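Q: A structural model of the following input is requested.
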Amino acid sequence: MNNQISKETQEQALKVAKGTQKKGQSKEQTKLIAQGIEKGIAEYKKQQSKKSRERDKQRKQQLKKQQNVDTKAAAQVAENPTNRPQSNKLPWFLLMLSWLAFAYYLY
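A: The predicted model follows:
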């Protein structure tokens, strides 16, 4: 396990400990408080890192599910082409009817 705490975290903890220092408090006590704050910050960072990994896993699972759904939908579309009219006779019938009506009108 990585027990090393960064310099930045140590400086932050010492700054907070000095900011809350009370009269008559020794340097050793302040140092102990700073160490406690360092541990708290380190624990918080670990928790946030763990939460971030969990969110990333969930996001990847959702993306995988979405891709599966998309591929299934694409496969269904490929299997079932768009519905075409079964009969092409209707447009020809209407065209002939209109020609006949036009011819009847002229004569």
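
Q: Now do stretch 21-32: everything it contacts.
A: With Cβ atoms under 8 Å, 6 or more residues apart in numbering as the test, stretch 21-32 has contacts from 17-18, 33. In short, each C-beta sits where N, CA and C put it, glycine included.

Q: Could I have the buried ones of those as PyMOL selection syntax?
A: Buried subset of those, written as a PyMOL selection, criterion 16 or more other Cβ atoms under 10 Å:
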select buried, resi 17+33
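
Q: can you tell me which of the contacts of stretch 21-32 are in helices?
A: Judged by DSSP state H, those include 17-18, 33 as members of helices.

Q: Now for D70, how many residues are close by?
A: Per other Cβ atoms under 10 Å, the neighbour tally for D70 reads 10.

Q: Please read the previous query as pertaining to G40.
A: Look at G40: counted by other Cβ under 10 Å, it has 13 neighbours.

Q: same question, K89
A: Neighbour number of K89 under other Cβ under 10 Å is 9.

Q: for the one 10 residues further on, same thing?
A: Taking other Cβ under 10 Å as the neighbour definition, W99 ends up with a count of 10.

Q: how close does it get to G19?
A: Per Cβ to Cβ, to the nearest Å, W99 is found 96 Å from G19.

Q: and if you look at Q47?
A: For Q47, the distance to G19 equals 24 Å [Cβ to Cβ].

Q: quick one, phi psi at the residue nearest the centre of the chain?
A: Ranked by distance to the mean C-alpha position of the chain (Cα atoms, centre = their mean), the top residue is R59 at 4.8 Å. The phi/psi pair for R59 (degrees, to the nearest 10) reads phi -60, psi -40.

Q: again, but for I5
A: Torsion angles, degrees, to the nearest 10, at I5: phi -110, psi 140.

Q: Contacts only, for it.
A: Shown in contact with I5 (Cβ under 8 Å, 6+ apart): 38, 41-42.

Q: what about 10 Å?
A: 13, 35, 38-39, 41-42, 45 (Cβ atoms under 10 Å, 6 or more residues apart in numbering).

Q: Pull out the buried members of those residues.
A: Applying 16+ other Cβ under 10 Å to those flags 13, 38, 41-42 as buried.

Q: Roughly how far does A42 sit from K7?
A: The value you get for A42 to K7, if Cβ to Cβ is used, is 13 Å.
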